[in-house]
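# coordinates for the following, if possible.
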Amino acid sequence: MKSLWAYAYQIEPPVLTSRLGTIRTLLKEETAAARAGARTWSGRLVLEPDITHILIVSDGLGRHHSINLRLEAELMRLDAVFAVTEPLAVTHHVEGAPWLRALHLES
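Numbers count the residues shown, from 1 in each chain. As a prediction, this is how the structure comes out:
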């Protein structure tokens, strides 16, 4: 079983949903590229009234990948105030777990 890492972008105040099209596209493209390359990577938007989160789960430790640069460039273009958490190990990775299916991480 490969190691998984999770981190999140926290955007406060939240960005209007109508302005998140490019972010959604970036997340979809990176997820598809990871699958094609037999890697694990998934990003999801979590929209709440007071904050927007971008949750990332990956088999790569660290945030120094081109997707992070593209996400951060788009957030800056949107003039969004954001912070990024440090990656944390996903310690209860169980094949077939509902949260894995929800994030489409299973191969």
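
# what about stretch 37-53, how long is it end to end?
26 Å (C-alpha to C-alpha, to the nearest Å).

# now it: buried residues?
For stretch 37-53, the neighbour count (16 or more other C-beta atoms under 10 Å) marks Thr40, Trp41, Ser42, Gly43, Arg44, Leu45, Thr52, His53 as buried. From N, CA and C alone the C-beta is placed, and that goes for glycine too.

# for the chain, just list every one of the helices.
21-36, 66-77, 98-103 (DSSP state H).

# quick one: mean pLDDT for the first one?
Averaging pLDDT along helix 21-36 gives 95.

# next, count neighbours for the nearest residue in space to Glu74 that is not next to it in sequence.
Nearest residue to Glu74, sequence neighbours excluded (C-beta to C-beta, 6 or more residues apart in numbering): Thr22, at 5.1 Å. Using other C-beta atoms under 10 Å, Thr22 has 15 other residues around it.

# okay, Thr22 and Glu86: tell me how far apart.
From Thr22 over to Glu86 the distance is 25 Å, taken as C-beta to C-beta, to the nearest Å.

# tell me how many other residues crowd the closest residue to Arg19 other than its chain neighbours.
Nearest residue to Arg19 in three dimensions, chain neighbours excluded: Leu78, at 5.9 Å (C-beta to C-beta, 6+ apart). Counted by other C-beta under 10 Å, the residues lying close to Leu78 total 16.

# now do Leu78 against Arg44, distance only.
For Leu78, the distance to Arg44 (C-beta to C-beta) stands at 18 Å.

# with Val81 instead?
Distance, Val81 to Arg44, by C-beta to C-beta: 20 Å.

# ok, now Ile56?
In terms of C-beta to C-beta, Ile56 sits 8 Å off from Arg44.

# can I get stretch 79-91 in CSV, CA atoms only?
Provided in CSV are the C-alpha atoms of stretch 79-91 (Å, rounded to 0.1, in the frame of the first residue of the first chain):
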residue,chain,number,x,y,z
ASP,A,79,-7.1,38.2,-5.6
ALA,A,80,-8.1,35.5,-3.1
VAL,A,81,-6.6,35.5,0.4
PHE,A,82,-5.5,31.9,1.1
ALA,A,83,-3.3,29.7,3.3
VAL,A,84,-2.0,26.2,2.7
THR,A,85,-1.7,23.5,5.4
GLU,A,86,1.4,21.3,5.6
PRO,A,87,0.9,17.8,4.2
LEU,A,88,-0.2,15.2,6.7
ALA,A,89,0.1,11.5,6.4
VAL,A,90,-3.2,9.7,5.8
THR,A,91,-2.7,7.0,8.4
